[in-house]
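# everything below, folded, please.
(chains A and B)
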Amino acid sequence: MSCDIQVLTVVLTPEQCQTLSKLARKEHIARTIIMAKGTISNQFLMMLGITSDRREVVSIILPKTEAREFVELINEKMQLDKPGKGIAYLTDVLACVGTEYAEEKSFNESVNLEPEENMYKKITVVVDRGKSGEVMDAAREAGARGGTIFHGRGSAGKDAKKVFGIEIEPEKEIIVILTPNDVTQNVFDSISEKMNLKEPGNGIMYVEPISGTFGLFENSKK
Amino acid sequence: MTALRSKFKDVMTAVVPIIVIVLLLHLTIAPLGEGLVPKFFVGSVLVIIGLTVFLFGIDQSIDPIGHGIGNMLAQSGKASLVLVTGVVLGFFISFAEPDLHILARQVSDITEGQFGHMVMVIVVSIGIGVMMTLAMFRILKNFPLKYTFLLAYGLIFILSMFSSSDFLAIAFDSSGATTGALTTPFMLALAAGVSAMKKNSKTSEADSFGLVGISSSGAIIGVLSASIIMGLGKLTGTPPASELAEQDLLGVYGHLFPTIALETIISLAPIVVSYIIIQIFFLKQSKGAVSSIFKGLIMTYVGLLLFLTGVNGGFMEVGREVGKILASMDSKLPVLAVSFILGLVTVLAEPAVIVLTHQVEDITGGYVKRPLVLVFLFVAVGLAIFMATLRTLVPAIQLWMYLLFGFGFSVLLAFFTPDLFVGIAFDAGGVASGPMTATFSLAFIQGIAISTPTADIVTDGFGMIAIVAMMPIIALQTLGLIYRLKTRKG
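Numbers count the residues shown, from 1 in each chain, chains lettered A, B, ... in the order given. As a prediction, the model looks like this:
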């Protein structure tokens, strides 16, 4: 199971996210950002009924070696090793399309997991806002059942558009689809073709392994 | 702790600039009288604490309530339910808004009862109720926002041809006054709730804004219609005497506190009552959620109370003094320059502005950046106060000139700007003219009018809120145009 590409996920406060964006821009690294909420452990705030705080989740696709370098850079600049400064983790990617590091592989190349735990793959697609319908249509045609749509923003890394010095990151939709192994390749190809992901600027897609799923009923429809 | 810190930072960046500028003026060209400086300091501290607590409370209570009601309406799919809720809720929210009562009382005093206090409040509230209902129907029926504004402002234009210019000023001011610190977050959340049910994510986003803008045009339509029906023409009157000027620090705050405490309870009441009804019959949320919302409501109340007390006690008089001193100088340059700068900084401290800009960032997932919206807003309001000062100093400039060209241009721009920004822009117009503008900037303009022989405190006092409500619409639509040009692919 050698895989050369990884997804780096970083969870940060919005302020830290700007620092990260600056770092990424310097290195010309593309990123997708989703707004989210994080938990709060402060007793006083809990008493007031305040239980969550704003966070941003940043996903970055990079070749393994660069991913390691970049995460170390972030760690150093943003002091992730101190508590409360944010968290980061890396996951392996089986295949991706739409990025400059694109590589396509057969998905059945087994990953180090027991077969029964490895029945599904997670496909993540990032496209411009409003296109999630098209992506889901393409996925359904190829045998996927459903998906989850997030609302986020993304930046291509190069030539950022700026208004008065403030960078604009265009709106994106992030679609996450869990598919059984036997249709993953079809779904991947279908989305890649329909959305024309091989041409730059149309979106990106990547596949990650998953161990164990619950609540999926692939046979109920058939 | 970061949650607390980031809210506090929001508030500090909003309030500190005003304090710095007032102090700079005090130490240089416009020394304030004895006793004013401590009053201003107490006011500032109250504003900072109040605003921080208020913003937390809103997140915790008004926001989920509005969202819940909006969701419920959209899910029910019943036109009759939307109709009844819209009219009733719109009417009571507006009826409970303290700013509207203050304005109506002033109008009633100045016109010596020709246009009575209750008549005005009821007329405005009916206008808001009707337009808010239409605005919600618009979202459900997918009627484009720009045509809605074209129709609303077209109607206003026709009505205004039959009304006197004094009523024009009152009408536009009342639209700014009704969209206060509580109603705005509530309406924003309501719109987001109704539009979240839409299937297409892109239109759902754009539809989250515009409700405040359309609703506040209802106030203008209401007042203008009433003036035509009642056959009222030119208004004559005397300026109201200032009540606070002579009191000492304790007297001022002791006098204000109970009044504001009561007014704030009344203005919170319609939202709380409608929440309780909907919670019992429809939402049926868990105990934890309800307790969190009630904690939030208490914070909202305490925060707003402190904020309003601080603003009314410390800021109003300082604004008037600074205006008086600057306008009595030989050169008109300082007063014009200061009015621009004051406009810039006061808008930052408007509670509803802070809520709106965060809502914009939340709903667009961070695509429309908060700092950019703020920059455009504050330049817009700076220019607006500048224009208001200019109008006070130069008798030849009439309010209708500003309004006709300004709103004409706004509606025209709506056809070139992305829908999302049209909604945000018209909402921002209502939002920019909140308690901070109504006290500090209005008092500043009145101060200038007092020192300017050619100016009339009545005509120049009214109409200033209208300009403040108009400029952000133009500015934010311009931002939308820039976004469209910059993000175009290819």
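# name all residues that make contact with the residue lying closest to residue B:484 once chain neighbours are set aside.
In space, and not counting its chain neighbours, residue B:484 is closest to residue B:418: 5.6 Å by CB to CB, 6 or more residues apart in numbering or on different chains. In this view, the C-beta of every residue, glycine as well, is placed from N, C-alpha and C. By CB atoms under 8 Å, 6 or more residues apart in numbering or on different chains, the contact list for residue B:418 reads B:206, B:480, B:483, B:484.
# now do the SS call for residue A:54.
The local conformation at residue A:54, judged by DSSP: H, G, I helix; E, B strand; the rest coil, is strand.
# is it true that it touches residue A:37?
Yes: applying CB atoms under 8 Å as the test, residue A:54 and residue A:37 come out as touching, 6.5 Å apart.
# between these two, tell me which one has more neighbours.
Neighbour count, other CB atoms under 10 Å in any protein chain shown: between residue A:54 and residue A:37, residue A:54 has more, with 18 against 10.
# list the contacts of the more buried one.
A:13, A:14, A:35, A:36, A:37, A:38, B:3, B:6.
# restricted to buried residues, select the residues you listed in ChimeraX.
Only the buried entries of the contacts of residue A:54 go into this ChimeraX selection, using 16 or more other CB atoms under 10 Å in any protein chain shown:
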select /A:13,14,35,38 /B:3
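# so among the contacts of residue A:54, where is pLDDT lowest?
Here the lowest pLDDT out of those sits on residue B:3, with 67.
# low pLDDT regions in the stretch 51-200 of chain B?
Applying pLDDT under 70 to the stretch 51-200 of chain B flags the ranges B:199-200.
# how about the helices in it?
Ranges of helices in the stretch 51-200 of chain B, per DSSP state H, counting those that start in this stretch, are B:62-76, B:79-95, B:98-110, B:117-141, B:145-161, B:165-178, B:183-195.
# got it, and chain A?
A:14-26, A:43-47, A:64-78, A:132-141, A:181-194 (DSSP state H).
# out of these, which is closest to residue B:332?
Ranking those by their distance to residue B:332 (criterion: CB to CB) puts helix A:14-26 first, at 41.8 Å.
# what sits up against that closest one?
Identification of contacts with helix A:14-26 by CB under 8 Å, 6+ apart yields A:10, A:12, A:30-31, A:33, A:35, A:54-56, A:58, A:60, A:70, A:73-74, A:77-78, A:85-86, A:155, A:157, A:160, A:167, A:169, B:6, B:366.
# ramachandran angles for residue B:394?
Main-chain torsions, residue B:394, degrees, to the nearest 10: phi -110, psi 110.
# what's the answer for residue B:115, then?
Backbone torsions of residue B:115, given as degrees, to the nearest 10, read phi -120, psi 90.
# got the contact list for the nearest residue to residue B:122 once chain neighbours are set aside?
Leaving out its chain neighbours, the residue that sits closest to residue B:122 by CB to CB, 6+ apart is residue B:95, at 7.6 Å. Residue B:95 makes contact with B:121, B:122, B:125, B:270, according to CB under 8 Å, 6+ apart.
# how close does residue B:95 get to residue B:332?
In this view, residue B:95 and residue B:332 are 41 Å apart by CB to CB, to the nearest Å.
# my guess is residue B:10 meets residue B:56, correct?
No: Residue B:10 lies out of contact with residue B:56 (CB under 8 Å); the separation is 10.8 Å.
# who has more neighbours, those two?
Higher neighbour count among residue B:10 and residue B:56: residue B:56, with 22 against 18, using other CB under 10 Å.
# give me the element the nearest residue to that one once chain neighbours are set aside is part of.
Leaving aside its chain neighbours, residue B:56 sits nearest to residue B:299 (5.4 Å; criterion: CB to CB, 6+ apart). Assigned by DSSP states H and E, residue B:299 belongs to helix B:287-310.
# show me what secondary structure element comes after that helix.
Next helix or strand after helix B:287-310 toward the C-terminus (DSSP H and E): helix B:316-327.
# buried residues of stretch A:53-71, list them for me.
Per 16+ other CB under 10 Å, stretch A:53-71 contains these buried residues: A:53-64, A:66-67, A:70-71.
# now, which of those residues sits nearest residue B:406?
When the buried residues of stretch A:53-71 are compared for distance to residue B:406 (CB to CB), residue A:54 wins out at 35.4 Å.
# ok, which pair from the contacts of residue B:95 is furthest apart?
The largest separation in those, counting by CB to CB, is between B:122 and B:270 at 14.9 Å.
# noted, bye for now.
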